[in-house]
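>>> following is a predicted model, sequence given first.
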Amino acid sequence: MKHIAKAIDTLKKIGVEGIIIGSTCLDLTLNRRSIEGDIDLFVTSISLIIEEEKIYEAAEKNSWTIGTTSLGTPSITMNIYGDDITIDLYENVMDFYIPIEAIELCKRTSTIDHMEVAYIALECWVVLKARRGADQDIAMLSIVKDLYDKNEIALDLNLMKKVIDIYEEDSKYIYNRLKMLGFF
């Protein structure tokens, strides 16, 4: 987990701050010692579209590899403690939308290796996955449901409902998808 903290802290130093929104939230909830895959960071300090050049300059200066996510936003791979860590940067663009109210309601922090890391509560991650609803999302939600059923994780279903309600137009199908999976 110290890799996450160092990567997030490194980005903060170039003015890129945000909140982890991906499956790393599950890793943090389960207190795993390492993460699987990349880190999905919803950027809150700058616009990735407007400040894209700043990110590319920092990547070149620090010898990071830069690519793009499926949404066309930057993806940075940096070497942290001898391991390559990929951070996919996101903001509200196209069909990808996280309301600021959801970010504020869902924000959690954890101190890792003396550095503060912000991430969304697992309940909120579940709602985001249900909203997107791709096959791999449903598979991940089934894993979370299994962990919940085995009492290996706790979920605040009221928080989930509050976040679902923030997505006014999509709330019904998000709720129905989670109901189908047995969350409600």
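Noted; the coordinates are in hand. Residues are numbered from 1 along each chain as shown.

>>> so Tyr173 is in which element?
helix 171-180 (DSSP states H and E).

>>> what helices or strands is that helix leaning on?
On a contact count with 3 or more Cβ pairs under 8 Å, 6 or more residues apart in numbering; DSSP states H and E, helix 171-180 meets helix 122-132, helix 157-166. Quick note: C-beta positions are derived from backbone N, CA and C, even for glycine.

>>> what pLDDT does Ser34 get?
Reported pLDDT at Ser34 in the predicted model: 75.

>>> all numbers from here: first residue = 879
Got it, the first residue is 879 from now on, which makes the last one we talked about Ser912.

>>> spit out the contact partners of it.
Listed by Cβ atoms under 8 Å, 6 or more residues apart in numbering, the contact partners of Ser912 are 879, 881, 905.

>>> in stretch 980-996, which residues are buried?
Buried residues in stretch 980-996, counted by 16 or more other Cβ atoms under 10 Å: 980-981, 983-984, 986, 988, 990, 993, 995-996.

>>> show me what that stretch is in contact with.
In contact with stretch 980-996 (Cβ under 8 Å, 6+ apart) are residues 879-880, 882-884, 886-887, 896-898, 906, 920, 922, 997-999, 1001-1002, 1005, 1037, 1040-1041, 1044-1045.

>>> hang on, the earlier thing: could you dump the buried residues of stretch 980-996 into TSV with distance to Ser948 and secondary structure added?
Converted to TSV, the buried residues of stretch 980-996 look like this (distance: Cβ to Cβ, whole Å; DSSP: H, G, I helix; E, B strand; the rest coil):
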residue	distance to Ser948	secondary structure
Ala980	21	helix
Ile981	21	helix
Leu983	26	helix
Cys984	22	helix
Arg986	26	strand
Ser988	27	strand
Ile990	27	strand
Met993	28	strand
Val995	24	strand
Ala996	23	strand
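
>>> show me what counts as buried in the lengthiest helix in the chain.
For the chain, the helix with the greatest residue count under DSSP state H is helix 1013-1027. Buried residues in helix 1013-1027, counting neighbours by 16+ other Cβ under 10 Å, are found at 1015, 1018-1019, 1022-1023, 1025-1026.

>>> same deal with stretch 940-950?
942, 947.

>>> so what touches that stretch?
Outside stretch 940-950, the residues that reach it (Cβ under 8 Å, 6+ apart) are 888, 933-934, 936-937, 952-957, 962, 966-968, 971-972, 974.

>>> at 6 Å instead, please
With contacts defined as Cβ atoms under 6 Å, 6 or more residues apart in numbering, stretch 940-950 is touched by 937, 953-956, 966, 971, 974.

>>> all good on my end, thank you.
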